[in-house]
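Student: here is a sequence with its predicted model. Questions after.
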Amino acid sequence: MSSRRDFLKKSALASAFLLGGIPEIKASGKTKTSTTGKKPIVISTWGFGVAANEAAWKVLSAGGRALDAVEQGVMVPEADPKVNSVGYGGLPDRDGHVTLDASIMDENGNAGSVGCLEHILHPISVARKVMEKTPHVMIVGEGALQFALDNGFSKMDLLTPEAKAAWEKWKKENNYSAKNIDKANHDTIGMVAIDSTGNVSGACTTSGLAWKIHGRVGDSPILGAGMYVDNEVGGACATGKGEACMKICGSMLIVELMRNGKTPQEACEEAIKRVVKKQSDYKDFQLGFLALNKNGDVGAYSLQKEFTYAVAVDGENKLHTSDYYCK
């Protein structure tokens, strides 16, 4: 999975973006990004978050709604065949199926999600349709696909030649084993934004773990795990081993810690400490959290090194590297 990490680093450095030119990558250290009082603002996970932030910022800088911004933002990596952990080009499960998970949540607490969705380029937009057009929160599998088709989405093959070749290679080398939840097998995009009116929304979308058992659903479509927002407090999102995040309801935990007075940085650190305390194998996988409160303060923390996140605010769009626990 090293190629995924290499791609993220190279793509972040190689492109010039709308808001700040080439993003700054800070060295690992106890990063406490403070942007108190500044809005709009958008934050997102990993190197591809810079391009995602650019799309979100176009909405926010025009006075648009945070909900529209996060949807437009995460659609960028969903449609990028070079991103092998989100949407089109995502690495498949062990049976060769590219299955997608996504969730979205607005300032009023409305939410929608899809799990194990195949053949649809933008699962985040299907999740929004679930939120806006049904009495449900989550639709999965064949039902999610049928719902998408019924609502005008087009069916397509999401398995790119590159992803197929990687899958064929994996099959030969791993004897159909799904035991690949390691430090490199992750890279969900999560995004939280505050618009010019002060409202908060969030989105999260992924193709999930490569080579997973068919039907596996991670934390990304689970409200309170992969992403959660509360308009009174702020929001949080997660990336990494979804099973670990689900066990502590990581994003909602962070929001509730912020509600009770923790800064976003303190809340992210506390959530990681909870994982360390409760899950004895924490040294073997990656999990990172990213949080934003209503004041515009940002926090980020991870289990392992090299968790990066993008922040777009006040005319700049930069990539940062979080502090981490396992040193």
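Tutor: Yes, it's here. Numbers count the residues shown, from 1 in each chain.
Student: helices of the stretch 151-300 of the chain, start to end?
Tutor: 161-174, 242-246, 250-259, 264-278 (DSSP state H, counting those that start in this stretch).
Student: I figured D187 was touching W46, is that so?
Tutor: Yes: the pair D187 / W46 is scored as a contact, 5.6 Å apart, by Cβ atoms under 8 Å. Yep, even glycine has a C-beta here, placed from its N, CA and C like the rest.
Student: ok, which of the helices of the stretch 151-300 of the chain comes nearest E232?
Tutor: Of all those, helix 250-259 sits nearest to E232, with 7.3 Å by Cβ to Cβ.
Student: can you give me the strands for this structure?
Tutor: 41-45, 100-105, 111-117, 138-140, 189-194, 200-206, 227-230, 234-240, 287-293, 298-302, 308-313, 316-321, 323-324 (DSSP state E).
Student: in CSV, list the helices of the stretch 151-300 of the chain along with mean neighbour count and distance to V126.
Tutor: Below are the helices of the stretch 151-300 of the chain laid out as CSV (neighbours: other Cβ atoms under 10 Å; distance: least, Cβ to Cβ, whole Å):
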stretch, mean neighbour count, distance to V126
helix 161-174, 14, 21
helix 242-246, 22, 19
helix 250-259, 25, 21
helix 264-278, 20, 28
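Student: now the helices for the stretch 1-150 of the chain?
Tutor: Using DSSP H, counting those that start in this stretch, helices in the stretch 1-150 of the chain cover 2-14, 49-61, 66-78, 123-133, 141-150.
Student: setting aside sequence neighbours, what's the nearest residue to M227?
Tutor: Closest residue to M227 apart from its sequence neighbours, by Cβ to Cβ, 6 or more residues apart in numbering: C204 at 3.8 Å.
Student: pull the contacting residues for the closest residue to E107 other than its chain neighbours.
Tutor: Sequence neighbours aside, N199 is the residue nearest to E107 in space, at 3.8 Å (criterion: Cβ to Cβ, 6+ apart). Contact partners of N199, counting by Cβ atoms under 8 Å, 6 or more residues apart in numbering, are 65-66, 106-107, 231.
Student: need the buried ones from those selected in ChimeraX.
Tutor: In ChimeraX, this line selects whichever of these come out buried by 16 or more other Cβ atoms under 10 Å:
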select :65,66,106,107,231
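Student: among the contacts of N199, which one sits closest to A52?
Tutor: A66 (13.9 Å).
Student: hang on, G198 packs against K39?
Tutor: Yes: counting by Cβ under 8 Å, K39 is a contact partner of G198 at 6.4 Å.
Student: and the two? Which one has more around it.
Tutor: Legend: neighbour count by other Cβ atoms under 10 Å for G198 and K39, higher for K39 (21 against 13).
Student: next one: the more buried one from D195, what distance?
Tutor: 7 Å (Cβ to Cβ, to the nearest Å).
Student: what's the average pLDDT for stretch 128-136?
Tutor: Mean pLDDT, stretch 128-136: 98.
Student: what residues sit buried inside it?
Tutor: Buried residues in stretch 128-136 (16+ other Cβ under 10 Å): 128-131.
Student: that one: how far from the chain's middle?
Tutor: 20 Å (Cα atoms, centre = their mean, to the nearest Å).
Student: hmm, back to that, among the buried residues of stretch 128-136, which one lies nearest to M156?
Tutor: K129 (17.2 Å).
Student: near the residue nearest to that closest one when sequence neighbours are not counted, how many other residues are there?
Tutor: Once flanking residues are discounted, K129 sits nearest to N151: 5.1 Å by Cβ to Cβ, 6+ apart. Using other Cβ under 10 Å, N151 has 13 neighbouring residues.
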